[in-house]
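K.L.:
Structure, please.
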Amino acid sequence: MVEQLIRIGIVGAGANTRLRHIPGFRKIAGVGIAGVVNSSDESTQRAARELDIPRTFSDWKSLVEDDEIDAVMIGTWPNLHCEVTCAALAAGKHVLTEARMARNLDEARRMRDAAAAHPDLTTQIVPSPLGLECGAAVKELIDDEDFGELRELVVIGATDSFWDDSQPVHWRQQSSLSGKNVLALGIMHETVQRWCPPPLRVFAQGAIFSRRTSAKNGTSVKPDIPDSLQVLTELDAGDAGGRGMYHLSGIALHGPPLQIHLYGSGGTIKVEFGSKERVLFGRAGEDELREVEIPAAARGGWRVEEEFISAIRGQEEVRLTDFATGVQYMEFTEAVSRSLDSGETVTLPLEE
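P.N.:
Okay, the predicted model is just below:
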């Protein structure tokens, strides 16, 4: 059976869109990249030439409203995710948006509500890739009686990505573009959500050490998002309630790479993210952690574009990541932001 052609319009042909999304869509029968728009006419024309996309648009609204576009892939910074998503849904288009979901919780909820108002349309957020490979194996270890009851969660990621002050300020350091998304907090917490119970209380502290600046419209733009963040949480886990700790940094030289530790009453799981995901497990009475060998058949992987198209065609439902899940991690980043501002503990869930 020949599938009906699904025509994709690209709003923002950034690095991830070029690396993953466009090649991913082009592998699927009956899917075409129909048009593109970038932040300027020059970059739009260049993207169309380099990526062999037949049509260009003068602005994203023109693309979203075009009758020859069936679905919109949003590859911009978070500052446009809500506006483009809501407009695309109102125009009858399916939406796949890059992560993070939005700049803040209010925008995320507006996106969720817009999606609920158009249940016939597919909506999806590009998921955290962390844990896609090993996620099923980690979940199996957590459910193993040898692991026991979750007591402590530790999330670590200390890099030097913002250490060099000779570089211009990055968009991830600007709240007008990135919103309340701090460092790797959202991407790491989204992965944590797949394995752990939700947090009930959050306390955060942070600092801005970077002295980077950029000139914009004749004014100096400085970082206004923390490049050092520590978060304490209380989890909805067990009789005593589990505890969580996040240490994230962009100004740490030779710091530990991204990893998640799960400490249970009977064992420990450590997951290390890199070119290959490594899972280590140790039981009570064992001298050290051992690497868990995950058979090739049990390893997960990237299938975002396939999942999106299959959902449009009614062949499966969006699992990674639907808008409800996105709102959950945006609620966590919102709670962290409120705690940073107030210096006080914030209780979850937050009121609508």
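K.L.:
so Val95 makes contact with Ile74?
P.N.:
Yes: shown here, Val95 and Ile74 form a contact pair, counting by C-beta atoms under 8 Å, at 6.8 Å. Glycine gets a C-beta too; all of them are placed from N, C-alpha and C.
K.L.:
hey, what's in contact with both of the two?
P.N.:
85, 88 (C-beta atoms under 8 Å, 6 or more residues apart in numbering).
K.L.:
List phi and psi for the closest residue in space to Gln45 that isn't next to it in sequence.
P.N.:
Using C-beta to C-beta, 6 or more residues apart in numbering and skipping the chain neighbours, the partner closest in space to Gln45 is Thr56 (6.1 Å). Geometry field for Thr56 lists phi and psi as phi -120, psi 160, criterion degrees, to the nearest 10.
K.L.:
May I see the buried residues of stretch 197-211?
P.N.:
Of the residues in stretch 197-211, 197, 199, 201-204, 206, 208, 210 count as buried by neighbour count, 16 or more other C-beta atoms under 10 Å.
K.L.:
ok, so of those, who is nearest Arg26?
P.N.:
Nearest to Arg26, judged by C-beta to C-beta, of these is Ser210 at 38.4 Å.
K.L.:
would you turn the buried residues of stretch 197-211 into JSON lines with distance to Thr333?
P.N.:
As requested, these are exported to JSON lines (distance: C-beta to C-beta, whole Å):
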{"residue": "Pro197", "distance to Thr333": "18"}
{"residue": "Pro199", "distance to Thr333": "12"}
{"residue": "Arg201", "distance to Thr333": "15"}
{"residue": "Val202", "distance to Thr333": "10"}
{"residue": "Phe203", "distance to Thr333": "14"}
{"residue": "Ala204", "distance to Thr333": "10"}
{"residue": "Gly206", "distance to Thr333": "12"}
{"residue": "Ile208", "distance to Thr333": "17"}
{"residue": "Ser210", "distance to Thr333": "20"}
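K.L.:
Of all pairs in these, which one is the farthest apart?
P.N.:
Farthest apart among those by C-beta to C-beta are Pro197 and Ser210. That separation is 34.1 Å.
K.L.:
My guess is the residue nearest to Gln45 contacts Arg46. True?
P.N.:
No: judged on C-beta under 8 Å, Thr56 makes no contact with Arg46 at a distance of 9.9 Å.
K.L.:
Quickly list what's touching both of these two.
P.N.:
Joint contacts of Thr56 and Arg46 (C-beta under 8 Å, 6+ apart) do not exist.
K.L.:
who does Gly282 bridge with?
P.N.:
Thr268 (DSSP bridges).
K.L.:
what residues are up against it?
P.N.:
Residues near Gly282 by C-beta under 8 Å, 6+ apart: 267-268, 288-290.
K.L.:
Can you list the helices and strands that the lengthiest helix in the chain packs against?
P.N.:
Assignment by DSSP state H gives helix 323-342 as the longest helix of the chain. Judged by 3 or more C-beta pairs under 8 Å, 6 or more residues apart in numbering; DSSP states H and E, the packing partners of helix 323-342 are helix 105-116, strand 123-125, helix 185-195, strand 199-207, strand 228-235, strand 346-347.
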